[in-house]
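*Asks:* following is a predicted model, sequence given first.
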Amino acid sequence: MLNFNFSVVGALAKKELRQFLSNPTGYVFLTLFIATAAAVAFLNDSFFSRNLADLSTLNKAMPAILMFFVPAITMGIWADERKSGTDELLLTLPVRDGEVVLGKFLGAFGIYTVGLLFSLANVGVLMYLGDPDTGLMLSTYLGYWLMGALFVAVGMVGSTFTNNTTIAFILGALGSAVFVFTGTESWASALAGATLIGEFTALCYYIIAGANAFAGVVAVVVGGSFIALWRNQLLEWFADAFAPLSATAHFSSFGEGIIRLGDVAFFVSGTAVALYLCGLMLSRRHW
C-alpha cells in the first residue's frame with residue numbers, strides 16, 4: 001500500500017466521479033436514492049406513532065435499499081470498460097492492479113458518499129419535527145457509510161465477471177443480498193449461504209478456466225438452495241454457519257447509537273476481502 005502511486009489512484013477516482021456525474025442517469029440515481037430513503041423514513045404510520053426523532057424506520061429498510069441502489073453504481077465499473085475495450089488500454093499503462101482497483105473503488109464509493117450526504121436532509125426533517133440526538137445521528141450515518149463501502153466492493157466483484165451491465169447489476173445485487181438476508185430467518189440464511197457458495201464456486205471456476213461463470217452461479221445457487229431448504233438439518237446448519245455474515249445485524253448497533261469495534265471490523269475487513277478479489281480477477285487478465 002505504501003508503494004502505491006496515489007496520484008494515479010486519485011486520477012482514476014476522479015474519472016469515475018466525473019463520468020458518473022456527467023451523465024443524466026447519475027442524477028436520476030441520486031434523486032431516486034434520496035427520495036426512497038425519505039419516503040421509507042417518514043411516509044409510514046410507525047414513524048409518527050413512535051413519537052421519537054430518530055431514523056429507526058429507515059434503519060430497518062436501509063440494507064435492502066442499498067442492495068438495489070449500490071449495484072446500480074458499480075455495475076459499469078468494469079463492465080463498461082470491457083465492453084468498450086478501454087480495459088485493455090488501462091491494463092497496458094504502467095500502473096499497479098491495486099492502484100486501479102483502489103481508484104475505481106474510491107470513485108464509486110465517492111458517488112455513494114455524495115448520495116448519502118444529500119440524504120442528510122432526513123436529519124433536517126427530524127430537527128424540524130423534534131430534537132434528534134446528534135450522537136445517534138452520527139452513529140447511524142457511520143453505519144450507512146460503512147455498509148455502503150462493503151456493498152460497493154461486492155458490486156465491483158460482480159462487475160468483473162461480465163461486460164453486460166445488467167448481468168453485473170444482478171451479480172452485485174446477489175452478492176449484497178447474502179449480507180442483507182443472512183441471519184434474518186433460517187430459510188433466508190440457507191438461501192444466502194447457498195448463494196455465497198455458488199458465487200465462490202463460480203469465482204474459482206472463472207479464475208481457473210476463464211469462462212463466463214454466470215450460468216454456473218445460477219445453477220449452483222438454485223441447486224444448493226433447493227437442497228438447503230429440503231433438508232431441515234442442513235437448513236439449520238446454514239443458519240448457524242452464515243449468521244455472522246449478516247450486515248443487518250452488524251449495522252443494528254450503529255442505529256442504536258453504539259459503535260462496536262467488531263462491527264466496524266466486519267465492514268472494513270469485508271470490504272478489503274472483496275477488493276482483494278477484484279485485484280485477483282484483474283491480475284488474471286495479465287496471464
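*Replies:* Here it is on my side, so go on.
*Asks:* in stretch 113-124, which residues are buried?
*Replies:* 113-116, 119, 122-123 (16 or more other Cβ atoms under 10 Å). Where C-beta positions appear, they are placed from N, C-alpha and C, glycine not excepted.
*Asks:* residues in contact with stretch 269-279?
*Replies:* Outside stretch 269-279, the residues that touch it by Cβ atoms under 8 Å, 6 or more residues apart in numbering are 97-98, 101-102, 105, 149-150, 152-154, 156-157, 160, 179, 203, 247.
*Asks:* in helices, which of those appear?
*Replies:* Using DSSP state H, the members of the contacts of stretch 269-279 that fall in helices are 97-98, 101-102, 105, 149-150, 152-154, 156-157, 179, 203, 247.
*Asks:* what is the nearest of those residues to Thr31?
*Replies:* Ranked by distance to Thr31 (Cβ to Cβ), the ones in helices among the contacts of stretch 269-279 are led by Val152 at 19.4 Å.
*Asks:* mind listing what the closest one touches?
*Replies:* 70, 73-74, 105, 108-109, 112, 271.
*Asks:* apply 7 Å and report the result again.
*Replies:* 70, 73-74, 105, 108-109, 112 (Cβ atoms under 7 Å, 6 or more residues apart in numbering).
*Asks:* adding neighbour count and distance to Thr165, write the residues you listed out as a markdown table.
*Replies:* What follows is the contacts of Val152, written out as a markdown table (neighbours: other Cβ atoms under 10 Å; distance: Cβ to Cβ, whole Å):
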| residue | neighbour count | distance to Thr165 |
| --- | --- | --- |
| Val70 | 30 | 14 |
| Ile73 | 29 | 11 |
| Thr74 | 32 | 10 |
| Phe105 | 24 | 18 |
| Ala108 | 26 | 14 |
| Phe109 | 24 | 19 |
| Tyr112 | 24 | 17 |
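*Asks:* any idea which element Thr113 lies in?
*Replies:* helix 97-118 (DSSP states H and E).
*Asks:* could you dump that helix to CSV, C-alpha only?
*Replies:* Taking C-alpha atoms only, helix 97-118 is exported to CSV below (Å, rounded to 0.1, in the frame of the first residue of the first chain):
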residue,chain,number,x,y,z
ASP,A,97,-3.6,-3.6,-10.3
GLY,A,98,-4.1,-2.5,-6.7
GLU,A,99,-4.0,1.2,-7.8
VAL,A,100,-6.6,0.6,-10.4
VAL,A,101,-8.9,-1.3,-8.0
LEU,A,102,-8.5,1.3,-5.2
GLY,A,103,-9.0,4.2,-7.6
LYS,A,104,-12.2,2.7,-9.0
PHE,A,105,-13.4,1.8,-5.6
LEU,A,106,-12.9,5.3,-4.2
GLY,A,107,-14.6,6.8,-7.3
ALA,A,108,-17.7,4.5,-6.8
PHE,A,109,-17.6,5.0,-3.0
GLY,A,110,-17.4,8.8,-3.6
ILE,A,111,-20.6,8.6,-5.6
TYR,A,112,-22.3,6.7,-2.9
THR,A,113,-21.0,9.2,-0.3
VAL,A,114,-22.4,12.1,-2.3
GLY,A,115,-25.8,10.5,-2.3
LEU,A,116,-25.5,9.8,1.5
LEU,A,117,-24.6,13.4,2.1
PHE,A,118,-27.7,14.6,0.3
